[in-house]
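**Q** quick one, fold the following:
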Amino acid sequence: MRSVAEPELASAGGSAVPTDVVGMAHDLAPVLAERAPKFDEGDHFVADNYALLKEAGLVQAGVPLELGGGGAGIAELCEMLRIMARSCGSTALAFAMHTHQVAIPAWRWRYQNVAAVEPLLKRVATDKIILLSSGGSDWIGGSGKAEKVEGGYRITARKVFTSGAAAGDILMTGAIFRDEDGTEKVIHFGVPMRAPEVTVMDNWRTLGMRGTGSNDVVIDGLFIPDAAVAFARTPGQWHPVFQIIATVAFPLIYSVYLGVAESARDIAIDIARKKPGGETTLNLAGRMETALRGAQMAQRSMVEAAERNTPSAESVNEVMIGRSLVASHGLEVVDLAMELAGGASFYREKGLERRFRDMQGARFHPLQSGPQARYAGAMALGMPVDAIF
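**A** Predicted structure coming up:
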């Protein structure tokens, strides 16, 4: 197995060259596949796999080359996560949360010249720190309480769905500050996970994605200085930074679910080929292939929207339509895969029922089907989207 702990140096000129994240994912896939049942059956966080990802140089893969990282772009990172997910959905999904928290400041550094994100990106490259996300539980509305005190804020919150919490170094999150006049704003900041005011719960017992370690994180009176607040916004409204978040993050996250659906398809086809064929088998296989192709086309459209590098209400709409289509087609794929494989799919050793369970997580990331439909409808009718979340 190759090892790229630091960006490679070209023999001529000595300049850094991008990390081969796709090749690395292929190299790691057999190990991830072998370990996946153990993590799933025991509700264990995929900590050992995180060690592999660090050794392979994938933690810093999305950091720009100029800042010491691997220089991987959105399309490459999506492909990396898709390949990982075919072997272990939990590893891929948990790592997608770190990956998108790196990709977002990297995008801002490269396309908006935001110098403030540079120290964070350099820390990821140099120290290989793991970033966590609470975006799925906070999203546009925000959660938690920020009390104004001298020099900053005192934070009290409980952040759910914090994937990879046990391995994380900084939680990128926010809290709601209510002023004396009743106006509210969401402030955004990073939470040091080793702070004594921060506790990781042990409550991740779920239907699927059991190895992501998405435990609740409790923040009890943590002081955040004014200088550590990255930006503030109005709760429930689309801030320009959230347009970047939605456009960049969700192609990465839903590439994981595409990989899960693809692996379910492969398992089912392998089982079906060993049984007598017939009209029913042909019909199920054909419907499954068609649904998978729909998911693949939707994921491709999400990547293309992100690669246009123009985050906006329109790009959010394109990405979220793709998100819903990957989810609906992917869920159809795993349903049909179970039916095509027949009774064999019910046995854990086949790995198909794990893919079926893992795929169910695609339902719950924002924008869920109802808000996504309202957002798309508002865009089509020329109505405001600010209050839709």
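**Q** what lies in contact with the helix-or-strand element of the chain with minimal mean pLDDT?
**A** The weakest-scoring helix or strand in the chain, judged by mean pLDDT, DSSP states H and E, is helix 135-138 (a mean of 76). Contacts to helix 135-138, defined as C-beta atoms under 8 Å, 6 or more residues apart in numbering, come from residues 143-144, 159-162, 172-174, 186, 245, 249, 364-366. To be clear about C-beta, it is placed using only N, CA and C from the backbone, and glycine gets the same treatment.
**Q** mark which of the residues you listed are buried, thanks.
**A** 143-144, 159-162, 172-174, 186, 245, 249, 365-366 (16 or more other C-beta atoms under 10 Å).
**Q** remind me which residues of the stretch 251-389 of the chain are low pLDDT?
**A** For the stretch 251-389 of the chain, applying pLDDT under 70 flags the ranges 387-389.
**Q** what comes up buried for stretch 342-355?
**A** So, applying 16+ other C-beta under 10 Å, buried residues of stretch 342-355: 344, 345, 350, 351, 352, 353, 354, 355.
**Q** next step: those residues restricted to helices.
**A** Using DSSP state H, the subset of these located in helices is 352, 353, 354, 355.
**Q** could those residues be laid out in a markdown table, adding distance to residue 166?
**A** What follows is those, written out as a markdown table (distance: C-beta to C-beta, whole Å):
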| residue | distance to residue 166 |
| --- | --- |
| 352 | 28 |
| 353 | 26 |
| 354 | 21 |
| 355 | 24 |
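**Q** for residue 36, give me its contacts.
**A** Residue 36 neighbours (C-beta under 8 Å, 6+ apart): 87, 88, 89, 90, 91, 211, 351, 354.
**Q** apply 10 Å and report the result again.
**A** Residue 36 makes contact with 46, 49, 87, 88, 89, 90, 91, 211, 351, 354, 358, according to C-beta atoms under 10 Å, 6 or more residues apart in numbering.
**Q** just to revisit the earlier point, now, which of the contacts of helix 135-138 sits nearest residue 128?
**A** residue 172 (16.5 Å; C-beta to C-beta).
**Q** next one: phi and psi at the closest one?
**A** phi -90, psi 110 (degrees, to the nearest 10).
**Q** distance of residue 278 relative to residue 234?
**A** 59 Å (C-beta to C-beta, to the nearest Å).
**Q** between the two, who's got more neighbours?
**A** residue 234 (14 against 9; other C-beta atoms under 10 Å).
**Q** not counting sequence-adjacent ones, nearest residue to the more buried one?
**A** Take residue 234 and drop its neighbours on the chain: the residue closest to it by C-beta to C-beta, 6 or more residues apart in numbering is residue 185, 6.3 Å away.
**Q** my guess is that neighbour contacts residue 179. True?
**A** Yes - assessed by C-beta atoms under 10 Å, residue 185 is found in contact with residue 179 at 7.7 Å.
**Q** those two: who's more crowded?
**A** Ranked by neighbour count (other C-beta under 10 Å), residue 185 and residue 179 place residue 185 first, with 17 against 9.
**Q** which of the three states applies to that one?
**A** Following DSSP: H, G, I helix; E, B strand; the rest coil, residue 185 is assigned to strand.
**Q** so what's it up against?
**A** 142, 146, 174-179, 231-235.
**Q** return the distance of it relative to residue 146.
**A** Residue 185 is 9 Å from residue 146, by C-beta to C-beta.
**Q** any common contacting residues for those two?
**A** In contact with both residue 185 and residue 146: 174, 175, 176, 177, 178, 232, using C-beta under 10 Å, 6+ apart.
**Q** what's the spacing between the last one and residue 312?
**A** Spelled out, it's residue 232. Distance from residue 232 to residue 312, by C-beta to C-beta: 21 Å.
**Q** can I see the domain layout of the chain?
**A** 21-129, 135-233, 240-381 (automatic domain parsing).
**Q** can you give me the end-to-end span of the second one?
**A** Going back to what we said before, that points to domain 135-233. 14 Å (C-alpha to C-alpha, to the nearest Å).
**Q** hey, what's residue 158 bridged with?
**A** residue 218 (DSSP bridges).
**Q** wait, isn't it in contact with residue 198?
**A** No - contact between residue 158 and residue 198 fails when scored by C-beta under 10 Å: they sit 11.1 Å apart.
**Q** okay, the domains of the chain, which one's buried deepest?
**A** Most buried of the domains of the chain by mean neighbour count (mean count of other C-beta atoms under 10 Å) is domain 21-129; its value is a mean of 21.
**Q** from the chain's centroid, how far away is that one?
**A** Relative to its chain's centre, domain 21-129 lies at 10 Å (C-alpha atoms, centre = their mean, to the nearest Å).
**Q** helix or strand right after the longest helix along the chain?
**A** Identified as the longest helix of the chain according to DSSP H is helix 240-272. Moving toward the C-terminus from helix 240-272, the next helix or strand (DSSP states H and E) is helix 279-307.
**Q** what's the helix or strand for the nearest residue to residue 115 once chain neighbours are set aside?
**A** Leaving aside its chain neighbours, residue 115 sits nearest to residue 109 (7.6 Å; criterion: C-beta to C-beta, 6+ apart). If you go by DSSP H and E, residue 109 is part of helix 89-111.
**Q** CA-only coordinates of that helix in PDB, if you can.
**A** What follows is helix 89-111, C-alpha atoms only, in PDB (Å, rounded to 0.1, in the frame of the first residue of the first chain):
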ATOM      1  CA  GLY A  89     -20.200   3.500   4.400                       C
ATOM      2  CA  SER A  90     -19.500   4.500   8.000                       C
ATOM      3  CA  THR A  91     -15.800   5.400   7.300                       C
ATOM      4  CA  ALA A  92     -16.700   7.400   4.200                       C
ATOM      5  CA  LEU A  93     -19.600   9.300   5.700                       C
ATOM      6  CA  ALA A  94     -17.700  10.200   8.900                       C
ATOM      7  CA  PHE A  95     -14.700  11.300   6.800                       C
ATOM      8  CA  ALA A  96     -17.000  13.300   4.500                       C
ATOM      9  CA  MET A  97     -17.800  15.600   7.400                       C
ATOM     10  CA  HIS A  98     -14.100  16.400   7.900                       C
ATOM     11  CA  THR A  99     -13.500  16.600   4.200                       C
ATOM     12  CA  HIS A 100     -16.200  19.100   3.500                       C
ATOM     13  CA  GLN A 101     -15.100  21.200   6.500                       C
ATOM     14  CA  VAL A 102     -11.700  21.400   4.800                       C
ATOM     15  CA  ALA A 103     -13.100  21.900   1.300                       C
ATOM     16  CA  ILE A 104     -15.200  25.000   2.300                       C
ATOM     17  CA  PRO A 105     -12.300  27.200   3.700                       C
ATOM     18  CA  ALA A 106     -10.100  25.900   0.900                       C
ATOM     19  CA  TRP A 107     -12.700  27.200  -1.600                       C
ATOM     20  CA  ARG A 108     -12.900  30.500   0.200                       C
ATOM     21  CA  TRP A 109      -9.100  30.900   0.300                       C
ATOM     22  CA  ARG A 110      -8.800  30.100  -3.400                       C
ATOM     23  CA  TYR A 111     -11.800  31.900  -4.900                       C
END
